[in-house]
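> Sequence first, predicted coordinates after that:
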Amino acid sequence: MTKKGKVLVAMSGGIDSSIAALMLHEQGYEVIGITMKTWDYASIAPGKKETGCCSLDSINDARTMAVQHGFAHLILDIRSEFGDYIIDNFVEEYLAGRTPNPCVLCNTHIKWEALLKRADQLGCEFIATGHYAQVRFENGRYVVSKGLDENKDQSYVLWGLTQQSLKRTLFPLGHLRKSQIKQMAIERGFVELANKSESYEICFVPDNDYRAFLKHKVPGLETQVDGGDFVLTDGTIVGKHRGYPFYTVGQRKGLEIAMGKPVFVTEIVPEKNIVVLGTEEDLEKQTMRVRDFNLVKYESLPADFVAHTKIRYKDAGAPATINVDGNKINAIFHKHVKAIAPGQSAVFYEGNDLVGGGFIDRK
């Protein structure tokens with residue numbers, strides 16, 4: 001065993017995880033790379049070219065990097081666990097009138113659990129990923145903070161990680177900018193890797209068309225939900241929609257209804273197959289409830305804790321006063337915010353530190 005220790009590195013074949021593995025190798029860790037096969041693209045889109053972290057090309061890229069630098073590489077097939085949990089939840093959330101956050105669930109319940117389980121089997125003290133985030137130990141807690149590169153920061157999708165998981169997690173890229181990572185790849189002869197395009201789509205949704213994906217997963221869905229009412233916020237029926245699961249709160253494009261002015265989806269009522277439309281002002285709210293929350297920085301929160309709160313990944317965030325109420329969090333924003341979408345993650349920050357997060361509730 002090396003002086004630094006043994007680390008299992010999740011390698012997707014992309015530049016970030018590849019450089020993360022290489023950095024740890026150069027720092028003196030005994031590195032084992034592992035690529036997780038989470039999804040079988042052919043099962044939903046036969047004949048189409050695989051893209052993203054589960055493609056054969058990506059797996060081969062990860063293996064090539066490992067072989068060239070003399071460390072081991074494994075492939076872990078977790079398609080069954082991924083499908084049963086992540087994809088089933090994805091479908092169920094849309095059918096419940098919510099907009100799911102599959103990356104958060106995957107990190108928390110699939111990838112980290114799978115990595116730690118295999119790390120134990122291989123005698124690895126640590127696991128590592130290419131996320132742009134940082135972790136430190138302070139006041140008896142493992143604290144996640146934003147990555148140095150604000151444009152690439154991924155702390156938002158890590159709010160569900162437990163203290164036990166964070167205790168063994170390394171984020172080698174957290175103190176670096178993307179430009180530095182690309183330069184490191186070029187300096188080490190991986191020019192093609194540095195120029196490799198990145199996918200921001202959901203890995204299991206072909207062509208980023210979640211509507212087609214839902215129709216494939218739920219035979220007859222379109223017939224079951226087609227023809228529900230578009231209604232205004234006062235209840236006035238103004239048209240028919242194509243099925244409530246095919247809309248999200250905040251949506252303006254693709255409504256296929258002429259109102260003479262811009263309108264947005266402000267609410268989805270699945271039990272009545274109703275999609276509520278309103279103005280941009282109708283999207284503004286000042287309160288929300290958050291379920292299934294996890295606290296990271298603190299074991300418990302004092303009353304009236306003020307946190308910088310993000311309601312979607314690319315949200316700039318806004319201050320809110322939050323209070324724990326049983327198994328939920330009540331949040332009151334200090335000013336109105338737009339398009340609070342049930343099912344998305346609400347993530348709370350104190351400065352650059354991740355306080356915790358949860359899923360936005362419908363009510």
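The structure has been received and is ready for your questions. Residues are numbered from 1 along each chain as shown.
> Show me the protein divided up by domain.
6-130+172-207, 224-279, 283-360 (automatic domain parsing).
> Relative to residue 215, which of these is closest?
Counting by C-beta to C-beta, residue 215 lies closest to domain 224-279 out of those; the figure is 8.9 Å. (Each C-beta comes from the backbone N, C-alpha and C, glycine too.)
> Between the two ends of that closest one, how far is it?
Its start and end residues considered, domain 224-279 measures 28 Å (C-alpha to C-alpha, to the nearest Å).
> just to revisit the earlier point, nearest to residue 141, of the domains of the chain?
That would be domain 283-360 among those, by C-beta to C-beta, at 6.2 Å.
> coming back round to it: which of the domains of the chain has the lowest mean pLDDT?
Here these differ in mean pLDDT, and the lowest is domain 6-130+172-207 at a mean of 86.
> now the end-to-end length of that one.
38 Å.
> so what's the residue nearest in space to the middle of the chain up against?
Central residue of the chain (C-alpha atoms, centre = their mean): residue 103, 2.9 Å from the mean position. By C-beta atoms under 8 Å, 6 or more residues apart in numbering, the contact set of residue 103 is 157, 202.
> And residue 132, how close does it get to residue 15?
12 Å (C-beta to C-beta, to the nearest Å).
> Checking residue 265 next. Helix, strand or coil?
Under DSSP: H, G, I helix; E, B strand; the rest coil, residue 265 falls in the strand class.
> Would you map the helices across the chain?
15-26, 56-68, 79-82, 88-95, 102-105, 112-122, 163-166, 178-187, 191-194, 210-217, 221-225 (DSSP state H).
> what angle separates the second one from helix 15-26?
Using axes from the mean of the first three to the mean of the last three C-alpha atoms, to 10 degrees, the direction of helix 56-68 lies 20 degrees away from that of helix 15-26.
> Mind listing the residues bridging to residue 356?
Applying DSSP bridges to residue 356 gives these bridge partners: residue 295, residue 348.
> how many other residues sit next to it?
Look at residue 356: counted by other C-beta atoms under 10 Å, it has 23 neighbours.
> Hmm, residue 359 is touching residue 102, no?
No - taking contacts as C-beta atoms under 8 Å, residue 359 lies outside contact range of residue 102: 11.9 Å.
> Going by how many neighbours each has, rank those two and give me the top one.
Applying other C-beta under 10 Å to residue 359 and residue 102 shows that residue 359 carries more neighbours, namely 23 against 20.
> ok now do that one, which residues does it touch?
So residue 359 contacts 101, 290, 291, 292, 343, 344, 345, 346 (C-beta under 8 Å, 6+ apart).
> cutoff 10 Å now
Each residue near residue 359 by C-beta atoms under 10 Å, 6 or more residues apart in numbering is listed here: 93, 98, 100-101, 104-105, 159-160, 289-293, 328, 342-346.
> If you drop the residues flanking it in sequence, what lies closest to residue 276?
Nearest non-adjacent residue to residue 276, counting by C-beta to C-beta, 6 or more residues apart in numbering: residue 267, 3.9 Å away.
> should've said residue 35
According to C-beta to C-beta, 6+ apart, the nearest residue to residue 35 is residue 62 (4.6 Å).
> Surely that neighbour is in contact with residue 73?
Yes - applying C-beta atoms under 10 Å, one finds residue 62 in contact with residue 73, separated by 6.4 Å.
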